[in-house]
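A.B. asks: Fold the following and give me the result.
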Amino acid sequence: MAVTKVYVVYYSLYGHVEIVAQEVLQGANTVQGVEETLMMKAPPKASDVAEIKPQQLSEADGFLFGFPSRFWYDASTVLGLL
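C.D. replies: Predicted structure coming up:
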């Protein structure tokens with residue numbers, strides 16, 4: 001069976017979205033044949049979470065994004081990725 005590569009990409013200023021991303025990653029770990037990677041779009045705060053670069057998006061088969069909004073707009077940090 002082929003492995004499906006999924007990136008869980010998030011941006012979290014205060015840690016709320018990070019908690020959700022960790023839970024999504026935990027759920028993805030239960031799916032057989034899925035290789036998941038937790039990444040953030042911001043300078044890493046946690047040493048075990050890599051910062052994603054736009055060119056890395058083509059490496060994955062799927063994505064799960066988690067970003068907060070600020071006054072009904074996406075965070076500017078995220079807009080550079082998308």
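A.B. asks: Who are the packing partners of the helix with the most length in the chain?
C.D. replies: Longest helix of the chain, by residue count under DSSP state H: helix 16-28. Judged by 3 or more Cβ pairs under 8 Å, 6 or more residues apart in numbering; DSSP states H and E, helix 16-28 is in contact with strand 4-10, strand 34-40, strand 62-66. The way it works is simple: take the backbone N, C-alpha and C, and place the C-beta from them, glycine included.
A.B. asks: These: lowest mean pLDDT?
C.D. replies: For the helices and strands packed on helix 16-28, mean pLDDT drops lowest on strand 34-40, to a mean of 80.
A.B. asks: Near Gly62, how many residues? Count them for me, please.
C.D. replies: 12 (other Cβ atoms under 10 Å).
A.B. asks: do Val17 as well
C.D. replies: 18.
A.B. asks: give me every residue that touches it.
C.D. replies: Val17 makes contact with Tyr10, Tyr11, Gly66, Phe67, Pro68, according to Cβ atoms under 8 Å, 6 or more residues apart in numbering.
A.B. asks: how much space between the residue nearest to Met39 when sequence neighbours are not counted and Glu59?
C.D. replies: Distance criterion Cβ to Cβ, 6 or more residues apart in numbering; nearest residue to Met39, sequence neighbours excluded, is Ile52 at 4.0 Å. Noted for Ile52: a distance of 10 Å to Glu59, by Cβ to Cβ, to the nearest Å.
A.B. asks: Tyr10 now?
C.D. replies: From Tyr10 to Glu59 the distance is 17 Å (Cβ to Cβ).
A.B. asks: So those two - more neighbours on which side?
C.D. replies: Tyr10 (26 against 10).
A.B. asks: Who does that one form a beta bridge with?
C.D. replies: Met40, Gly66 (DSSP bridges).
A.B. asks: I figured it hits Ile52, correct?
C.D. replies: No - the pair Tyr10 / Ile52 is not scored as a contact, 9.6 Å apart, by Cβ atoms under 8 Å.
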